[in-house]
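Trainee: let's see this in three dimensions:
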Amino acid sequence: MRGELFGPRRRATTVGVLLLILMVAFEAMGVGTAMPALVAELGTVSLYALPFVAFMAAAVFGTVVGGRWCDLSGPRVPLVLAPVLFGAGLVTAGTAGSMAQLLVGRVLQGLGAGSVTVAIYVLIALLYPERIRPAMFGSMSSAWVLPSLVGPPVAGLVTERLSWRWVFFGLVPVVVLALALVVPAVRRLDGPDPSRERAPRRRGLVLAAFGAAAGVSGISAASERIGVGGALIAVGALVVLVPSIRRLLPAGVFRARRGVPTVVAARGLCAALFFTSNSYIPLALTSTHRWSLAAAGIPLVVGSLGWSAASIWQGRHPDLPRARLLRIGFCLLAAGAGALLLVAPSWGVAWLAVPVWAMAGLGMGLCFPSVAFLLLRLSDPAEVGFHTSAAQMSDQLGSATMIAVGGGLLAVLGTPSVALPVLYAVLAGLGVVGALIAGRTTVASG
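Mentor: Next up, the predicted model:
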């Protein structure tokens, strides 16, 4: 499989795609580390969440619009325009002299990051045979590991020794190199095939994209404002979000209808489980068990390594049924979240978090590539962009919602040692649901 990915025909394209993934991953992992210094220079602590919310809202909008563009006209323009927008956002943010300019930069980065991921999936559907797609998706998952391991410490060192501005500027060469490698592949792509079935008309998609962006941002904001104000924001976000989601997700997602709807639901379930747990594990270890911040990051590191290892392994076994791998992955995720019930309470065994989260990482390494593979296999060519954007939307919505639920539990129950076991029990239940519906990600023959 490696020879087909990195052979003469696809080497430049594969490396370019992985660089695009690295570009987004390093930004995601590094900016959070630099944000305290950035906000101290440009604004106040009360504005701390704004750069994150601006990026998230723009990414949601870029995901939807990028997916629609790919379905109507192919991925050629989005694959070039999205990195250009992302690079322009890096320069705008890096040169920011005010919070307003920084927010403009974050919006440009979000638009680019949201669009480019969808375009990459459509490119894979066009250029990579089905048999080597598991290996490609495994490589893409692994491309997140290096940024997750070295992104935060490197960003911290750069911020301390040079300036937070170089956290943005340092990624510009990666954008340029990725474009240089991907553009030749984009030029070889044919225009839309006249004989191909046209993408279905989807009225109100742009308006729904705005609504989803506002709704997801509102949920994130509500998670940081516990109390009456936060509850009102959450209600307002749901009022906007629910009708938007009905247009942006395939019909039947919440009923786990067989095929693409269940694949999209599975993406949201595994993302909500893994990323929410990731967000609260350090809190459990530092607040309840008095670990240092550095030590509390160890489970996250081993989880990333487990994710990478399982992703690579599944890529070397293209003949294994992906629905079966997805079910096994959900079982491992459910077991990992459930085992955190032995870590989070005050009487819990803190060191168990390390092997437990390595196991969950293995589960994620089976789930994510399997979802991506099944999504492309089950999608009509004219709907790959829409279905990919729907899967990413499910991911973003699921993670934002469950992180907000965790914040609400902390507000109501008072201490992490009491609130987090409840949260992990809910997350383990999501894993069980995922395992139960995994078989519905395939379409019955005959």
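
Trainee: residues contacting residue 206?
Mentor: 64, 65 (CB atoms under 8 Å, 6 or more residues apart in numbering). Any C-beta I mention is one placed from the backbone N, CA and C, and that applies to glycine too.

Trainee: chain center to the helix or strand containing it: distance?
Mentor: Per DSSP states H and E, residue 206 falls inside helix 205-223. Relative to its chain's centre, helix 205-223 lies at 16 Å (CA atoms, centre = their mean, to the nearest Å).

Trainee: then stretch 61-69?
Mentor: Relative to its chain's centre, stretch 61-69 lies at 15 Å (CA atoms, centre = their mean).

Trainee: and what of stretch 86-101?
Mentor: Using CA atoms, centre = their mean, the offset of stretch 86-101 from its chain centre is 23 Å.

Trainee: in it, what counts as buried?
Mentor: 86, 87, 88, 89, 90, 92, 93, 94, 96, 99 (16 or more other CB atoms under 10 Å).

Trainee: just for the stretch 251-400 of the chain, where's the confidence low?
Mentor: 293 (pLDDT under 70).

Trainee: can I get stretch 20-40 in PDB, CA atoms only?
Mentor: Provided in PDB are the C-alpha atoms of stretch 20-40 (Å, rounded to 0.1, in the frame of the first residue of the first chain):
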ATOM      1  CA  LEU A  20      -2.300  20.300   4.200                       C
ATOM      2  CA  ILE A  21      -3.400  18.100   7.100                       C
ATOM      3  CA  LEU A  22      -0.300  19.100   9.100                       C
ATOM      4  CA  MET A  23      -1.000  22.700   8.300                       C
ATOM      5  CA  VAL A  24      -4.400  22.500   9.900                       C
ATOM      6  CA  ALA A  25      -3.200  20.300  12.800                       C
ATOM      7  CA  PHE A  26      -0.300  22.400  13.800                       C
ATOM      8  CA  GLU A  27      -2.500  25.500  13.900                       C
ATOM      9  CA  ALA A  28      -5.100  23.700  16.000                       C
ATOM     10  CA  MET A  29      -2.500  22.500  18.500                       C
ATOM     11  CA  GLY A  30      -0.200  25.500  18.600                       C
ATOM     12  CA  VAL A  31      -2.500  28.500  18.700                       C
ATOM     13  CA  GLY A  32      -4.100  27.600  22.000                       C
ATOM     14  CA  THR A  33      -0.700  27.600  23.700                       C
ATOM     15  CA  ALA A  34       0.100  31.100  22.300                       C
ATOM     16  CA  MET A  35      -3.300  32.500  23.000                       C
ATOM     17  CA  PRO A  36      -2.700  33.800  26.600                       C
ATOM     18  CA  ALA A  37       0.300  35.900  25.400                       C
ATOM     19  CA  LEU A  38      -1.700  37.000  22.300                       C
ATOM     20  CA  VAL A  39      -4.700  38.200  24.300                       C
ATOM     21  CA  ALA A  40      -2.500  39.900  26.800                       C
END
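
Trainee: and the pLDDT at residue 193?
Mentor: What the model reports as pLDDT for residue 193 is 51.

Trainee: and if you look at the one 5 residues further on?
Mentor: At residue 198, the pLDDT value in this model is 61.

Trainee: follow-up on the earlier one: spatially, which two of the buried residues of stretch 86-101 are the most separated?
Mentor: Greatest spatial distance in these: 87 and 99, 21.1 Å, computed using CB to CB.

Trainee: just the C-alpha atoms of the helix holding residue 206, please, in PDB.
Mentor: Provided in PDB are the C-alpha atoms of helix 205-223 (Å, rounded to 0.1, in the frame of the first residue of the first chain):
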ATOM      1  CA  LEU A 205     -27.800  25.800   2.100                       C
ATOM      2  CA  VAL A 206     -25.800  29.000   2.600                       C
ATOM      3  CA  LEU A 207     -28.400  30.400   5.000                       C
ATOM      4  CA  ALA A 208     -28.300  27.100   6.900                       C
ATOM      5  CA  ALA A 209     -24.500  27.300   7.000                       C
ATOM      6  CA  PHE A 210     -24.700  30.700   8.700                       C
ATOM      7  CA  GLY A 211     -27.200  29.200  11.100                       C
ATOM      8  CA  ALA A 212     -25.000  26.300  11.900                       C
ATOM      9  CA  ALA A 213     -22.000  28.500  12.400                       C
ATOM     10  CA  ALA A 214     -24.000  30.700  14.800                       C
ATOM     11  CA  GLY A 215     -25.400  27.700  16.600                       C
ATOM     12  CA  VAL A 216     -22.200  25.800  17.100                       C
ATOM     13  CA  SER A 217     -20.500  29.100  18.300                       C
ATOM     14  CA  GLY A 218     -23.400  29.700  20.700                       C
ATOM     15  CA  ILE A 219     -23.100  26.200  22.200                       C
ATOM     16  CA  SER A 220     -19.300  26.800  22.700                       C
ATOM     17  CA  ALA A 221     -20.000  30.200  24.300                       C
ATOM     18  CA  ALA A 222     -22.700  28.700  26.600                       C
ATOM     19  CA  SER A 223     -20.200  26.100  27.900                       C
END
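
Trainee: right, and the helix or strand after that helix?
Mentor: Taking DSSP H and E as the definition, the helix or strand right after helix 205-223 is helix 228-248.

Trainee: now that following helix: mean pLDDT?
Mentor: 78.

Trainee: where does the stretch 51-200 of the chain dip in pLDDT?
Mentor: Applying pLDDT under 70 to the stretch 51-200 of the chain flags residues 188-200.

Trainee: alright, calling it a day.
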